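okay, predicted coordinates and the sequence, questions at the end:
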Amino acid sequence: MPIITLTTDFGPDSPYVAAMKGVILSIQRGAASMPTQKQPSHAPIAGSGGTGEGLSDGLIVDVTHSVPPQDIRAGALVLADTCRWFPAGTIHIVVVDPGVGTDRRVLCVNADHQLIVGPDNGVLAPAVRDAASIDAYEITEPRYRLPEVSNTFHGRDIMAPAAAHLSLGVAPMDLGPPVDDWVRLELPEPVVHAGWIEGKVLFVDSFGNLISNIKADVLAAVFGDLDKAGVNVTVTCGPHVVPGLVRAYADATHHATAALIGSSGRLEIAVVNGNASKQLALTEGAAVIVQSTV
Amino acid sequence: MPIITLTTDFGPDSPYVAAMKGVILSIQRGAASMPTQKQPSHAPIAGSGGTGEGLSDGLIVDVTHSVPPQDIRAGALVLADTCRWFPAGTIHIVVVDPGVGTDRRVLCVNADHQLIVGPDNGVLAPAVRDAASIDAYEITEPRYRLPEVSNTFHGRDIMAPAAAHLSLGVAPMDLGPPVDDWVRLELPEPVVHAGWIEGKVLFVDSFGNLISNIKADVLAAVFGDLDKAGVNVTVTCGPHVVPGLVRAYADATHHATAALIGSSGRLEIAVVNGNASKQLALTEGAAVIVQSTV
Amino acid sequence: MPIITLTTDFGPDSPYVAAMKGVILSIQRGAASMPTQKQPSHAPIAGSGGTGEGLSDGLIVDVTHSVPPQDIRAGALVLADTCRWFPAGTIHIVVVDPGVGTDRRVLCVNADHQLIVGPDNGVLAPAVRDAASIDAYEITEPRYRLPEVSNTFHGRDIMAPAAAHLSLGVAPMDLGPPVDDWVRLELPEPVVHAGWIEGKVLFVDSFGNLISNIKADVLAAVFGDLDKAGVNVTVTCGPHVVPGLVRAYADATHHATAALIGSSGRLEIAVVNGNASKQLALTEGAAVIVQSTV
């Protein structure tokens, strides 16, 4: 049974997440044996209430529910950075959906065997950008939704049921018509000059580290061996000048501002044992410049 | 194996939740093969330490651990709104328990095949209110508790073990004597007048939306077709007058105050892309009036 | 399949936790059948991408991700208090790792059949202190790491893979060379005088309760039957004098300061329906004195 992951802006510990899990598990336990049976009053899910004999539950993994409310860009980045660690065949649901209840579409995208289910507002785009093969479908088939679809919670009423049915073997193309004009999301790319790079802070992680759009391979292409770059480059973030890269947080002085290649393979600016975003008063969008040390 | 859910006021990410999960899993893995064996020193659970051959773990799903500390009413509402999404046979543990260690009882209620385990302080009542068949038992049987019961943490020492044994096939009636005078919890009902409804804010969700006690069916009974009600009714919440209902958050103007039927089927007041509770300075108990637009 | 638990300082709901879970699940689903196969581009884990036929996933349980950032002592205490509730054979990962990327070692400690994986900075020590048999190994074997190990996230690149391979049957001694000089962590012990005890607040729980280092058995040794101690002892915490112990929170007056034996078996100071740490302005390290009431 494939893993299903959840990325939302519902806030940590929201009971709305639990409602989505209840829907997924109800369908996984019952839909295979009686997909069209009328549901009993105490189990308002199409096909639920079965004993699920012979079926095992799929795993459901929370990615995060702390995407800032309705911040499509932040949700898209978290999804893109996290989904690649999961095995092929994993189904990722992302609910950052300010347009819920309007005519924006709900999609299932199959990108190199990672399936992503979410609204067509750009939040899916970064996760599939580098895929070799992509096909996308609009989720329209009533059989694979809840019998009643609200105007306010498509995560529970459309996305969770679609993911549950995918986990039971329904093919993406069975969910609805193919789509190829899904909404793209342009993220700022660093500008590479002769001998220097001009980037930006993409997001702030939970430690307050400033994560930039400058990846390790771009740095290496301009400055050569990164372990040597420590003494060869200067990083400027907003008004703050950081001399050199360190290899690890612990290589920097306590409470010093440090620049390093972080765990997502991107250049980041950190305050050791502190919170760079708060202490430097910088956030998403701040300029990050890397140049040779003179 | 039935699903077990957890609803508590321990705070997000509390290690006390993990202790409860450890107890449940220890019993599920070991109790069936050796329920009365003395536990080894490194596994302080009756019957744990087994290899659990042939047994699979049950799923444990967190509903929320962010119930405001010792707020029985808030816990009761979250449980009632969430448990109906889970398949029949699910076991719901709710620990909002200011009376822990006193002589208040711990109950297992079987309401239309949803099993609910928690203290007898009213927190169970809303979840079972509409059940066609209800039977309740006090959990007293020492075999189905931890060998040592503290005065401060019955979630771990009584409720988690009872739920684990239920998941292994123990019947609710085996946990202790039947009870029919469990504590009810009265929630304010809306008052329906000729042509207008007088309700209240029941709770504030994690987006700051003000969720009222006025359900969609009550609205429809007074005002007719809700999609048309958008132009026919005026909603007053505290001192704020909202003209009409919208179908979805996105149908309202950015940062406007909007009224709509939310995902729990209740009338709610929201600030689009904002936080209604903070921005309107309203919370639980605020008056919500719906009347015809003149 | 053994349970794997996670204790980190990543913050609640961090996507870095999800990356660790993705790594564990990828290895559990694929490594057994093809441990050395080159990974496909969409599944960057050694040996992942398999269909995992015949394998079931292990359970992954979050203990907490709210350890204060880089607070080794707080992480050590949470782990020690929680891990004993899990069945023998459970694998506990703890990532509180300010020295990541330096030459500090990563260990697997087997203490009475609880396996603990984490950095060698003292965070493992309290959890294994009372074990009858302990053996420890440095995790050095490249086969049981990710192919690329970052300098900033050994939780994902070394600890998660090691735990996943342990769950699949790899023995601790296969992970690397034995170690017996791992870093100990001394916690303050209470001082027992003739007729009185001098202790300290070890940590503050999520309700604001002040949890001391004075355990129930030490109290009983000095003052006798604890149920009678309620009238026989006076507890002083910082400048606050609490007359007697109560058996349970509910036995104290609303908003009174109370002393009692808490759920971890330790003397704690609580404000009923309040937050003792905030209201008494006391935290970790505050003195706790227990003496006979004159």
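Done, it's in. Residues are numbered from 1 along each chain as shown, chains lettered A, B, ... in the order given.

what residue ranges in the stretch 51-200 of chain A are flagged as low confidence?
A:51-56 (pLDDT under 70).

and for the closest residue to chain B within it, the neighbour number?
Of all residues in the stretch 51-200 of chain A, the one sitting closest to chain B is A:G101 (2.2 Å; CB to the nearest CB). To be clear about C-beta, it is placed using only N, CA and C from the backbone, and glycine gets the same treatment. Neighbour count of A:G101, defined by other CB atoms under 10 Å in any protein chain shown: 19.

chain neighbours aside, what residue packs nearest to it?
Closest residue to A:G101 apart from its sequence neighbours, by CB to CB, 6 or more residues apart in numbering or on different chains: B:A248 at 2.2 Å.

doesn't B:L260 make contact with the one you found?
Yes: B:A248 lies in contact with B:L260 (CB atoms under 8 Å); the separation is 6.9 Å.

got the contact list for the residue positioned nearest the centre of chain A?
The C-alpha lying nearest the average C-alpha coordinate of chain A belongs to A:L79 (CA atoms, centre = their mean; 1.0 Å). A:L79 is in contact with A:T7, A:V63, A:H92, A:V94, A:I116, A:V123, A:L124, A:P126, A:A127, counting by CB atoms under 8 Å, 6 or more residues apart in numbering or on different chains.

chain C: which of those is nearest?
Nearest to chain C among the contacts of A:L79, counting by CB to the nearest CB, is A:V63 at 4.2 Å.

using the three-state scheme, assign that closest one.
Following DSSP: H, G, I helix; E, B strand; the rest coil, the label given to A:V63 is strand.

that one touches A:I4, doesn't it?
No: taking contacts as CB under 8 Å, A:V63 lies outside contact range of A:I4: 10.6 Å.

who has more neighbours, the two?
Under the criterion of other CB under 10 Å, the comparison of A:V63 against A:I4 puts A:V63 first, with 29 against 24.

what about the more buried one, distance to A:V290?
A:V63 sits at a distance of 30 Å from A:V290 (criterion: CB to CB, to the nearest Å).

swap in A:L59?
From A:L59 to A:V290 the distance is 40 Å (CB to CB).

more neighbours, those two?
Between A:L59 and A:V290, A:V290 has the larger neighbour count (other CB under 10 Å), namely 27 against 21.

strand partners of the helix or strand that one falls within, parallel vs antiparallel please.
In this structure, A:V290 sits in strand A:287-292 according to DSSP states H and E. In the sheet, strand A:287-292 lines up against strand A:196-204 (antiparallel), strand A:233-237 (antiparallel) (DSSP bridges).

buried set for that strand?
Neighbour-count burial for strand A:287-292, counted by 16 or more other CB atoms under 10 Å in any protein chain shown, picks out A:V288, A:I289, A:V290, A:Q291.

roughly how far out does stretch A:216-232 sit from the chain middle?
28 Å (CA atoms, centre = their mean, to the nearest Å).

burial count for A:V183?
With other CB under 10 Å as criterion, A:V183 counts 15.

before we move on, what about A:E141?
Residues near A:E141, counting by other CB under 10 Å: 15.

thought it was touching A:G176?
Yes: A:E141 lies in contact with A:G176 (CB under 8 Å); the separation is 5.4 Å.

name the element the nearest residue to A:K278 once chain neighbours are set aside belongs to?
Sequence neighbours aside, A:G208 is the residue nearest to A:K278 in space, at 5.8 Å (criterion: CB to CB, 6+ apart). Taking DSSP H and E as the definition, one finds A:G208 inside no helix or strand.

and for the one 10 residues further on?
Using DSSP H and E, the element containing A:V218 is helix A:216-223.

so which elements touch that helix?
If contacts are counted by 3 or more CB pairs under 8 Å, 6 or more residues apart in numbering or on different chains; DSSP states H and E, helix A:216-223 sits against strand A:191-192, strand A:196-204, helix A:226-232, strand A:266-271, strand A:287-292.

6 Å instead, please
Helix A:216-223 makes packing contacts with helix A:226-232 when contacts are defined by 3 or more CB pairs under 6 Å, 6 or more residues apart in numbering or on different chains; DSSP states H and E.

I'd like the average pLDDT over the helix it packs on.
Mean pLDDT, helix A:226-232: 68.

again, but for stretch A:6-23
Stretch A:6-23 comes out at a mean pLDDT of 91.

wait, A:D81 touches A:S264, no?
Yes: A:D81 is within contact range of A:S264, at 5.1 Å (criterion: CB atoms under 6 Å).

what residues does chain A have near chain B?
Applying CB under 6 Å from any CB of the partner chain, we find that chain A lies next to chain B at A:11-15, A:18-19, A:21-23, A:25-26, A:29, A:42-43, A:48-49, A:57, A:70, A:99-102, A:150-153.

filter those residues to the buried ones?
Buried, going by 16+ other CB under 10 Å: A:11-15, A:18-19, A:21-23, A:25-26, A:29, A:42-43, A:48-49, A:57, A:70, A:99-101, A:150-153, out of the residues of chain A next to chain B.

among these, which lie within helices?
A:P15, A:A18, A:A19, A:K21, A:G22, A:V23, A:L25, A:S26, A:R29 (DSSP state H).

what about A:E189, how many residues nearby?
A:E189: 11 neighbours (other CB under 10 Å).

my bad, should have said A:L107
Counted with other CB under 10 Å, A:L107 comes out at 25.

pretty sure it is in a strand, no?
Yes: counting by three-state DSSP, A:L107 is found in a strand.

correct me, but A:H113 touches A:A88?
Yes: here A:H113 reaches A:A88: they are 4.2 Å apart, a contact under CB under 6 Å.

tell me which of those two has more neighbours.
Neighbour count, other CB under 10 Å: between A:H113 and A:A88, A:A88 has more, with 20 against 15.

can you tell me how far the more buried one sits from B:C237?
49 Å.

now do the contacts for A:Y249.
Counting by CB atoms under 6 Å, 6 or more residues apart in numbering or on different chains, A:Y249 makes contact with A:V272.

so how many other residues sit close to whichever residue of chain A sits closest to chain C?
Nearest to chain C in chain A, going by CB to the nearest CB, is A:A248, at a distance of 2.2 Å. Residues within reach of A:A248, counting by other CB under 10 Å, total 19.

please tell me how far it sits from chain B.
Distance of A:A248 to chain B, computed by CB to the nearest CB, to the nearest Å: 26 Å.

ok, now A:V222?
Distance from A:V222 to chain B, by CB to the nearest CB: 39 Å.
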